[in-house]
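Asker: for reference, the sequence and a predicted model appear below.
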Amino acid sequence: MAPEKLTMAGALNRALRDAMHADDSVLVFGEDVGTLGGVFRITDGLTAEFGDQRCFDTPLAESGILGMAIGMAMNGMRPVVEMQFDAFAYPAFEQLVSHAAKMRNRTRGRVGLPIVIRVPYAGGIGGVEHHCDSSEAYYAHTPGLHVLAPSGPGDAYGLLRQAIESDDPVVFLEPKKLYFSRAEADLASPVPPIGKAVVCRAGTDATLIAYGPAVPVALEAAEAAAQEGRSLQVVDVRSIVPFDDETVCAAVRSTGRAVVVAEAAGFASVSSEIAARVMERCFHSLHAPVRRVTGFDIPYPPPKLEHFQLPSVDRILDAVDDLQWEES
Amino acid sequence: MAPEKLTMAGALNRALRDAMHADDSVLVFGEDVGTLGGVFRITDGLTAEFGDQRCFDTPLAESGILGMAIGMAMNGMRPVVEMQFDAFAYPAFEQLVSHAAKMRNRTRGRVGLPIVIRVPYAGGIGGVEHHCDSSEAYYAHTPGLHVLAPSGPGDAYGLLRQAIESDDPVVFLEPKKLYFSRAEADLASPVPPIGKAVVCRAGTDATLIAYGPAVPVALEAAEAAAQEGRSLQVVDVRSIVPFDDETVCAAVRSTGRAVVVAEAAGFASVSSEIAARVMERCFHSLHAPVRRVTGFDIPYPPPKLEHFQLPSVDRILDAVDDLQWEES
Amino acid sequence: MAFNWHGEQNPFMTRDAAHLLPSTVPVTLIDPDGDPVPQVGHDLPDSEALVRAFAALVAARRFNDQAYALVRQGRLAVYPSSHGQEACQVAAAHVLADGDWLFPTYRDTAAVVARGVDPVQTLTLLKGDWHNGYDPTETHVAPLATPLATHLLHAVGVAHAARLRGEDTVVMAICGDGATSEGDFHEALNFAAVFRAPVVFLVQNNGYAISVPLDRQTAAPSLAHKGIGYGIPGERVDGNDVAALLSVLGAAVGRARAGEGPQLVEAHTYRVQAHTNADDAGRYRTDDEVTPWLARDPITRVETYLRGRGLLDDDKAAAYAETAERLAERMRAGLNADVPADYRDLFAHVYAEPTPQLREQQALVADELAREVR
Amino acid sequence: MAFNWHGEQNPFMTRDAAHLLPSTVPVTLIDPDGDPVPQVGHDLPDSEALVRAFAALVAARRFNDQAYALVRQGRLAVYPSSHGQEACQVAAAHVLADGDWLFPTYRDTAAVVARGVDPVQTLTLLKGDWHNGYDPTETHVAPLATPLATHLLHAVGVAHAARLRGEDTVVMAICGDGATSEGDFHEALNFAAVFRAPVVFLVQNNGYAISVPLDRQTAAPSLAHKGIGYGIPGERVDGNDVAALLSVLGAAVGRARAGEGPQLVEAHTYRVQAHTNADDAGRYRTDDEVTPWLARDPITRVETYLRGRGLLDDDKAAAYAETAERLAERMRAGLNADVPADYRDLFAHVYAEPTPQLREQQALVADELAREVR
Ligand SMILES: Cc1ncc(C[n+]2csc(CCOP(=O)(O)OP(=O)(O)O)c2C)c(N)n1
Ligand SMILES: Cc1ncc(C[n+]2csc(CCOP(=O)(O)OP(=O)(O)O)c2C)c(N)n1
Ligand SMILES: [Mg+2]
Ligand SMILES: [Mg+2]
């Protein structure tokens, strides 16, 4: 395939289609994923192409969807389920934490669960409450789950294919606000494996560490900083679990300063973990403590107020300014 | 009341009884909390004393228990519900995150929910799977909830009374393994308010930061360190949310070294948060990065293997040894 | 609790089950042509109630149309319309007494307004200024529930709390056909039955959960057949016949108030429009399916009945239309007004008292804004 | 899907409901005195099946007694006994064919052993060496489920996957009376019915959920009455009559295999012992309640029947007791043996490949142990 311009939604749809072609045991189900093709159209056309035994609607119950997926995975299938919106994955929490995450360990490796739980997640779309939660911390804290968050079409395609091929349950977080932004992507060229972060912009003065919806904002901030003559490096974490200490720490050591950027509430979050482990591991290379630019510790705001909650270029640059430049 | 020797289980039972005497709108319900008095006997005798309209068994459904509690709190009651074991609170996750935590904010402060969710939690009791989870991170990351974890009978009594008097939902984490250990306590003397940490052992060389089940282990470690001539200060966080930055940071600045001790898996956890904020706020007072001694990122082990998972005096002392003493 | 096959003390509680089963055909009192249908056990509401219901139906329809127009003009973020379901909306509100509670979903804004809540406050959630606009403690109307079936448990709690205080409050809790598949629906009905909580569960079966038709939601004979599994009487009613709804729901509210415990009513109606303005119903259903339902419109039916009996004439009809128009005006005025967004609201209501961390975070925003201004 | 009151195409799917309702009295084929009870629609299993069941009952009782002794000797962390429920345990296993799946709870270890799983591996969870001891893929027995009702959904998934592949597998999923209150019970029955998954849901109604009696769990006429709400036929059977259980469960398995979809069977039995050894039943029930159930013991009943018909004599009985004793010996040998705890197991099975973080953490433990040794 030649590089082409496409949306993340389109790339994800392509990934599902290609995975279903590649392996008959791959099934797609959830709420409205069949005839409708999903409320975001990520599963568009799959029922028409593969029939309603491979892509089908379920009754309206998320614990049921994941619980049935676990059983199907126990019996040879590779289910890819959709949780319609982030907050609507919460009814499946017990199935996720007490079963999906624990089954392989419980059975001493005899029963692995190759399940992908797709979650259209995070905000910036003017959605009403329950439609904009950044719920990655709940999943990242749960041993036994892989947690991925792509930031663009190409990576979304590659990571979803890898997630479907993984023999472990993967929570696949799809930034809603990036679904329909187009970018160049060559779906044929492989992406780095699960567990690898990528430096997506070179820089020498400080390192911005971001994932999912925060990556484009971090890149924007780096662009703006460049105008002001400050060179910011940007790392796209991609794989929250497993986390790539090697790439992230090498990047931070190379600049000596870091800011973690994430949309989720900051307290006891993935950004706490990144800040903590970077400071633990790079302490003596740091000129200043790692700063965090995150959502505030509040319920996600209503549409008219959400711009306050989202990490902005300004907030990122303010944090960078606070990295005690005078001292070095 | 004069100081007396009692168990945490006894203190909690006393707190419930006294709160029910003090306020008719306080109700206790959940699974087996009535006639049986709870599987840990924390609600022992309440039905006999207050009748089965104030302390009663519900059908076996945790989402139902919390959902009904939310409705009762909307209508003038102050429910105290019991989740029989940590992992059995997961079915109530949606009610907790999407409603209990958000109702006050949703209604611009018009509908507060004075609910206490008691969770017998954490391990060290030789329990089989699902009976030993340390689930505090899920709650601490959720804006709108208070999260408390006592470490002894006196504090357990005082904190539970405060939790019941609070106008906000409180997740009250009761360390199972401490339920039946006795200690001196004067239930009449007030304890620090929600939001305050306490320095429970003075020390000058390094600070151990712990909460709930990890506090006694930290104190033991400090005792052992003292034998080796090292003076460790111990901070009992008590109130995970709201967190007491003032006390914790003052303590760490006074020693210049810190180790966070917690039983939960470390990744994206409360200990990540504590390590991150201490390093953010005390960076230049620190001789070494804050170390974490936590559970590993694995499902809680079976009884015969749990001793590997629990923070031990040895692991704490090893972490303290790693705090780069040579450099100062 | 000794066990004995034929004695009274059978712990397995085999009770007479028949009375818990719904009728095979939904109750209709006025048919689509406006003609009364005699029904044993169900009388037509008196003409005053029917006229009042008609006026409310006209207002509800106008409310739906106006909201739909406002969403197209970008004044509402999204709107899930109850167009075609107005009879359920009106009846659910009209059968309640002062002090009773209503637990609506996102689709039940017309019921909230019929209950007397300000239409602009009712639509705050969908306008996006804040989550919930009205005061639940003062109106006894719970916030519009989005997480499906979760609010049914809150309804049980409100009802049980009232009962413990010896109040005779009844709670009307509404959900859709899709929501009946959620675990919380099960737990709510079971808790209500075990505690004999005075809750009337109204399932508005409009045939769809977004794109998913009823037959993918359940294989049960009907949704009302779910009642018996909890020991709750289940009834089925024509959801486009406001007379039948007033009668069936009114009786259910009466039984709940009398201490007979929870009631389950399945109203058979149809979602005439797409799930929301954002949905494209053409992807999953044909106009041929929709058309017959237009002929079963809940308004024309009772209008024909009332006019046929001289209970309604052009003047009266014009007056009700005029009242409805004023409602629409109030909606336009309120929803076209831009409410200035105040960042302090974000931190003020998370807890009764903001935490030190929230104070810090609020100060951060204040500082940022101050510097923007400069 | 045009709507029409009397036509075929009623989207509200009023189907014949009667056949989904359970009988008012549970099916009994052999009464407590060992006498056969004629039942329309249910024949006594052949004598071979009954003798085989008797032998398994003797083994199951011995298994329960031995496990109980081992827990008192501290060889098991905890034991939830199925003493008095052995007929359900044995029948649930015996009605299955090769390749069928069994989904047990913590209380169903006797059923797991009756299905042919090694007793020591079956008790690994309760011994505490590891979580699950046997291989579910090889035995087609799912791990003992602790989170109530959650495994019922896995059973539906296993059944639906088999069906998609055109296999005629049937899945037997067991839960208790208390578990029927959980949302997952509701979602499992509904998913099974909508997808016509070949699952037999066996509810062992033993009257209690720990201390909570059935009447605080449900107000339904019976738990079998929950079936109709999903379009699933519900049946009630005497849970202490292995003949009735073999007949009713066998027929249910047959219908599921024949493509008739899921089946719900409520077995009426009684938890003779406390919830577990850790529980004190004296706090919530009297001996007067327990005593009549001892007279309804599932073993003596079929024994009386078989001896009365010359299908069982002392020699045979002694032989079965001897086989059961060997089972107990194997249990003692296996559970008294101390399995050395290997910390590497903690990190090896979290993922197919340990993460770098897990490797680091394992190295930490290794290092700590190495230094301890020194
Ligand atoms: C727990 C949960 N899951 C999914 C959704 C997304 N969602 C919103 S409305 C809807 C369909 C609801 O159908 P129904 O209950 O029939 O109500 P209707 O919209 O037809 O009035 C879905 C799936 C949700 N709001 N909550
Ligand atoms: C989700 C969940 N909540 C609570 C528990 C704790 N618990 C274990 S067994 C039990 C009672 C179950 O009763 P029942 O379903 O009747 O089964 P039985 O023990 O009588 O066989 C409870 C409450 C659990 N295991 N899972
Ligand atoms: Mg609907
Ligand atoms: Mg039971």
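Answerer: Done, it's in. Ligands and ions are numbered 1, 2, ... in the order given.

Asker: which residues of the stretch 1-150 of chain A lie near chain D?
Answerer: For the stretch 1-150 of chain A, the contact set with chain D under C-beta under 8 Å from any C-beta of the partner chain comprises A:27, A:53, A:58-59, A:61, A:63-64, A:66-77, A:91, A:94-95, A:98-99, A:102-112, A:143-144, A:146. For the C-beta atoms, the positions are set from N, CA and C on the backbone; glycine is no exception.

Asker: just give the closest residue to A:Arg257, not the sequence neighbours.
Answerer: Closest residue to A:Arg257 apart from its sequence neighbours, by C-beta to C-beta, 6 or more residues apart in numbering or on different chains: A:Ala206 at 3.8 Å.

Asker: that neighbour touches A:Arg230, doesn't it?
Answerer: Yes: between A:Ala206 and A:Arg230 there is a contact under C-beta atoms under 8 Å: 7.4 Å.

Asker: need the residues touching each of the two.
Answerer: A:Val320 (C-beta atoms under 8 Å, 6 or more residues apart in numbering or on different chains).

Asker: those two: which is more packed in?
Answerer: A:Ala206 (24 against 17; other C-beta atoms under 10 Å in any protein chain shown).

Asker: so who does the more buried one touch?
Answerer: A:Arg230, A:Leu232, A:Gln233, A:Thr255, A:Gly256, A:Arg257, A:Ala258, A:Val259, A:Val320, A:Leu323.

Asker: relative to A:Ser254, how far out is it?
Answerer: Using C-beta to C-beta, to the nearest Å, A:Ala206 is found at 10 Å from A:Ser254.

Asker: from D:Glu182, how far out is the residue of the stretch 1-150 of chain A found nearest chain D?
Answerer: Minimum separation of the stretch 1-150 of chain A from chain D (C-beta to the nearest C-beta) falls at A:Gly71, amounting to 2.0 Å. Distance, A:Gly71 to D:Glu182, by C-beta to C-beta: 16 Å.

Asker: pLDDT below threshold where in the stretch 1-150 of chain A?
Answerer: A:1 (pLDDT under 70).

Asker: just the strands in it please.
Answerer: With strands called from DSSP state E, counting those that start in this stretch, the stretch 1-150 of chain A shows them at A:4-7, A:26-30, A:55-57, A:78-82, A:116-121, A:146-148.

Asker: do chain C as well
Answerer: Ranges of strands in chain C, per DSSP state E, are C:101-103, C:171-176, C:199-205, C:208-209, C:212-213, C:234-238, C:263-268.

Asker: and the ones you listed as JSON lines, adding mean neighbour count, mean pLDDT and distance to chain D?
Answerer: Shown next, in JSON lines, are these (neighbours: other C-beta atoms under 10 Å in any protein chain shown; pLDDT from 0 to 100; distance: least, C-beta to the nearest C-beta, whole Å):
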{"stretch": "strand C:101-103", "mean neighbour count": "28", "mean pLDDT": "99", "distance to chain D": "18"}
{"stretch": "strand C:171-176", "mean neighbour count": "29", "mean pLDDT": "98", "distance to chain D": "14"}
{"stretch": "strand C:199-205", "mean neighbour count": "29", "mean pLDDT": "98", "distance to chain D": "7"}
{"stretch": "strand C:208-209", "mean neighbour count": "24", "mean pLDDT": "98", "distance to chain D": "10"}
{"stretch": "strand C:212-213", "mean neighbour count": "21", "mean pLDDT": "98", "distance to chain D": "7"}
{"stretch": "strand C:234-238", "mean neighbour count": "26", "mean pLDDT": "98", "distance to chain D": "7"}
{"stretch": "strand C:263-268", "mean neighbour count": "29", "mean pLDDT": "98", "distance to chain D": "5"}
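
Asker: wait, which of those strands is closest to C:Ala318?
Answerer: strand C:234-238 (28.0 Å; C-beta to C-beta).

Asker: the spatially closest residue to the residue of the stretch 1-150 of chain A closest to chain D that is not a sequence neighbour and ligand 4: what is the separation?
Answerer: Using C-beta to C-beta, 6+ apart and skipping residues adjacent in sequence, the residue nearest A:Gly71 is D:Gly157, 2.0 Å away. Per C-beta to the ion, to the nearest Å, D:Gly157 is found 25 Å from ligand 4.

Asker: is it true that D:Gly157 touches A:Asn75?
Answerer: Yes: in this structure D:Gly157 lies within contact range of A:Asn75 using C-beta under 8 Å: 6.9 Å.

Asker: between the two, which has more neighbouring residues?
Answerer: For D:Gly157 versus A:Asn75, neighbours defined as other C-beta under 10 Å are more numerous around D:Gly157 (30 against 24).

Asker: check contacts around the more buried one.
Answerer: A:Gly67, A:Met68, A:Ala69, A:Ile70, A:Gly71, A:Met72, A:Ala73, A:Met74, A:Asn75.

Asker: just give me the neighbour total for the residue lying closest to C:Thr276 once chain neighbours are set aside.
Answerer: Sequence neighbours aside, C:Pro80 is the residue nearest to C:Thr276 in space, at 4.6 Å (criterion: C-beta to C-beta, 6+ apart). For C:Pro80, the neighbour count with other C-beta under 10 Å is 24.

Asker: which residues touch C:Pro80?
Answerer: Shown in contact with C:Pro80 (C-beta under 8 Å, 6+ apart): C:Tyr106, C:Arg107, C:His275, C:Thr276.

Asker: same deal with C:Arg271?
Answerer: C:Gly84, C:Gln85, C:Asn206, C:Gly207, C:Tyr208.

Asker: of the contacts of A:Ala206 - the most surrounded one?
Answerer: Most surrounded of the contacts of A:Ala206: other C-beta under 10 Å gives A:Ala258, at 32 neighbours.

Asker: so how far is B:Gly229 from that one?
Answerer: 37 Å.

Asker: how about C:Ala114?
Answerer: 77 Å.

Asker: where does the stretch 251-374 of chain C get nearest to chain B, which residue?
Answerer: C:Thr355 (3.7 Å).

Asker: pretty sure that residue sits against B:Gly195.
Answerer: Yes: here C:Thr355 reaches B:Gly195: they are 7.1 Å apart, a contact under C-beta under 8 Å.

Asker: tell me which element the closest residue to A:Ser285 other than its chain neighbours is part of?
Answerer: Spatial nearest neighbour of A:Ser285, excluding adjacent residues (C-beta to C-beta, 6+ apart): A:Arg253 at 4.4 Å. According to DSSP states H and E, A:Arg253 maps onto helix A:245-255.

Asker: other SSEs contacting that helix?
Answerer: Contacts defined by 3 or more C-beta pairs under 8 Å, 6 or more residues apart in numbering or on different chains; DSSP states H and E place helix A:245-255 against strand A:198-201, strand A:206-210, strand A:232-236, helix A:270-282, helix D:356-373.

Asker: contacts for that helix next, please.
Answerer: A:196-199, A:203-207, A:209, A:233, A:235, A:237, A:258, A:274, A:277-278, A:281-282, A:285-286, A:290, D:356-357.
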